[in-house]
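Engineer: I would like the atomic coordinates for the input below:
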Amino acid sequence: MLSPKDSPLGKQLSQYVCLRITRLDDVDVGLFERDWNNTIYFFALNSDEKIYFRYGGRDSASPDTYLNVDSLELALRQGLQMHEQYLGGTLKLPERPKAFFPREIPLLVQRTFAQRQCVECHLIGDFQNIQRQQDGVLDKLTHLYRSPDIKTIGIELDVPKGLVVKEATGAAKAAGMKAGDRIVAWNGTPVVTFGDLQYQYDKVDRKAAKVTVQVDRGENLQIALPARWWWTDLRFRQSSVDPRLDFEDRPLSAEEKVKLGLPPDGIASQVKYVSDFAKIRKTHDLRTGDIIYAVDGVERDEIANTAELFLKLRKKAGESATLGVIRSGQRIQVPLHSYQLSFRK
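Structural biologist: Numbering: from 1, shown residues only. Take a look at the predicted model:
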């Protein structure tokens, strides 16, 4: 670390043995399991390989929304306190996760080990999903839409203060959360940092209707999860199993659907952006303002409320579809050819 040794952060770090993993060829990634699209991630653990806390995490807006020096210093202090408790026998930590190594992903072996190349962090998550898709076990809700955004349920953190709530709105406020609350557990599992919280939130079953959040005043708050609480903007992930569509849309309101004579529970959406690459790649001929009311004749879906989401959930990268579109009051058919992102190193 580059922090001066006499700085507050330097003094905290001097009490840790700091290691940086630069390649994952022979690393037990089961122990260090995480969302592999995070830009930076720290684990604080002891010689028994028991994890005290994770420090990292992000949202789709920025890689460092939840990262700063103050919150890192706080996490390091808390980690030292937990270490003393562990040594004193007053702190119990989860058992070590099951070992899992990069060589257990056949496609990754072909791409890296067989080519004498380095196994990098972003390769783990991407090739896990490619392998899952090939094996028929890819669950896009869980494996593609990772790290749900806590702001969707109304939690805004005072980031320098760790898990202290800056503002509670929406579902969180309705459940009784207040500004100044400090989150101490998520679905019964203690959390110390935002990295811990996001890791536990990511484990929540995508069909769940609520999460239990404990705050430091002793309350266990039951927060209702809204529809599609797991949704996040996937663009920053650059995932190989994410169908690239060259457009973005928004769901129509109930009133807009009625006006257009569309079913209230349909996937109707309005195109709000079309990439210049759509013409270059010949992806489609959609236009801003187009209303998409069907994909391959399907107008309703139990999960998706927009055509974009339907395509991402129901189609593989590279597959084609036919869109039912309302343009200038006329219903037309627009072919779409999704594409798979060329793998990047």
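
Engineer: quick one: low-confidence parts of this protein?
Structural biologist: Across the chain, the ranges flagged by pLDDT under 70 are 1-2, 343-345.

Engineer: what's the longest helix in it?
Structural biologist: For the chain, the longest helix by residue count, based on DSSP state H, is helix 69-87.

Engineer: who does that one touch, helix- and strand-wise?
Structural biologist: Contact partners of helix 69-87 among helices and strands, from 3 or more C-beta pairs under 8 Å, 6 or more residues apart in numbering; DSSP states H and E: helix 8-13, strand 41-45, strand 51-56. C-betas here are computed from N, CA, C, even on glycine.

Engineer: could you pull out the helices for the stretch 151-300 of the chain?
Structural biologist: Using DSSP state H, counting those that start in this stretch, the helices of the stretch 151-300 of the chain run over 170-174, 194-202, 254-260, 277-281.

Engineer: ok, back up a step: buried residues in the longest helix of the chain?
Structural biologist: S71, L72, E73, L74, A75, L76, Q78, G79, M82, H83, Y86 (16 or more other C-beta atoms under 10 Å).

Engineer: pull out the buried positions in whatever helix or strand N129 lives in.
Structural biologist: Following DSSP states H and E, one finds N129 within helix 121-135. Buried residues in helix 121-135, counted by 16+ other C-beta under 10 Å: 121-133.

Engineer: with distance to D158 added, can I get those residues in TSV?
Structural biologist: Output for these, formatted as TSV (distance: C-beta to C-beta, whole Å):
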residue	distance to D158
C121	29
H122	30
L123	35
I124	32
G125	29
D126	34
F127	37
Q128	34
N129	34
I130	39
Q131	40
R132	37
Q133	39
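
Engineer: which one of those sits closest to D285?
Structural biologist: Distance to D285 across the buried residues of helix 121-135 (C-beta to C-beta) is lowest for Q133, with 28.3 Å.

Engineer: got a list of contacts for whichever helix or strand comes after the helix holding N129?
Structural biologist: Next helix or strand after helix 121-135 toward the C-terminus (DSSP H and E): helix 140-143. If you take C-beta atoms under 8 Å, 6 or more residues apart in numbering as the criterion, helix 140-143 is touched by Q128, N129, R132, R206, W230, V241, I303, K312, L313.

Engineer: fine, thanks again, bye for now.
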